[in-house]
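**Student:** Turn this into a structure:
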Amino acid sequence: MSEVFDLIVDHPFFAGMTRDQIKVVSETGTVVSYHEGQTIFTEGTDAVGPLLILSGDVALEMQTPGHGPQVILTLHSGDFLGWSWLYPPYRWTYDAHVHSNAEAIRFDGPGLKEASEVDPALGYELMKRFTEMLVNRMQSIRIQLLDVYSTPR
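**Tutor:** Residues are numbered from 1 along each chain as shown. Sure thing, here's the model as predicted:
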């Protein structure tokens, strides 16, 4: 098996998936490293696939009128980053900046989509998991935004 397979096989996101399904997903992944202060992606650029953060911290920021860039959520080890690769127009909707040196697995979005077309059961499993992540993330962002805009400046 591959290094990526070994890194993801016991991750909670993949719990309940078959080893064969996890193997297919792992074949689309590459381990990448980022340094503190580095930008992973910026709003409006091509969204090519999700990242699973293995270590470090990554802040999602959005530009807000009159307030400049605001951190709306900080992601940590074990968190997935990005879902914009799933839906047209396939553009990132936030900026992602590394707050502490980070290692991650970058998955190939088109490769995941192709594998999902070939194996609809895999596609369904991935969609269930990414949709749940999206809903949870939106709730977290909502709470963070309430905190940002209710704090006196």
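**Student:** ok, residue 30 to residue 19 distance?
**Tutor:** Separation of residue 30 from residue 19 (Cβ to Cβ, to the nearest Å) stands at 20 Å. Every C-beta, even on glycine, is put in place using the N, C-alpha and C of the backbone.
**Student:** An error on my part: the question was meant for residue 122.
**Tutor:** Per Cβ to Cβ, residue 122 is found 12 Å from residue 19.
**Student:** Those two: which is more packed in?
**Tutor:** Set side by side, residue 122 and residue 19 show more neighbours around residue 122, with 20 against 12, by other Cβ atoms under 10 Å.
**Student:** How confident was the prediction at the nearest residue to the more buried one once chain neighbours are set aside?
**Tutor:** Leaving aside its sequence neighbours, residue 122 sits nearest to residue 21 (Cβ to Cβ, 6 or more residues apart in numbering; 4.9 Å). In the predicted model, residue 21 carries a pLDDT score of 98.
**Student:** Grab the nearest non-local neighbour of the residue most central in space within the chain.
**Tutor:** Centroid check for the chain by Cα atoms, centre = their mean gives residue 81 as the closest residue, at 1.7 Å. Among residues not flanking residue 81 along the chain, residue 51 sits closest, at 4.4 Å (Cβ to Cβ, 6+ apart).
**Student:** Who does that neighbour form a beta bridge with?
**Tutor:** residue 81, residue 106 (DSSP bridges).
**Student:** cool, and the one 10 residues further on?
**Tutor:** Using DSSP bridges, the beta-bridge partners of residue 61 come out as residue 71, residue 95.
**Student:** Could you report the neighbour count for it?
**Tutor:** Going by other Cβ under 10 Å, the residues that sit close to residue 61 add up to 19.
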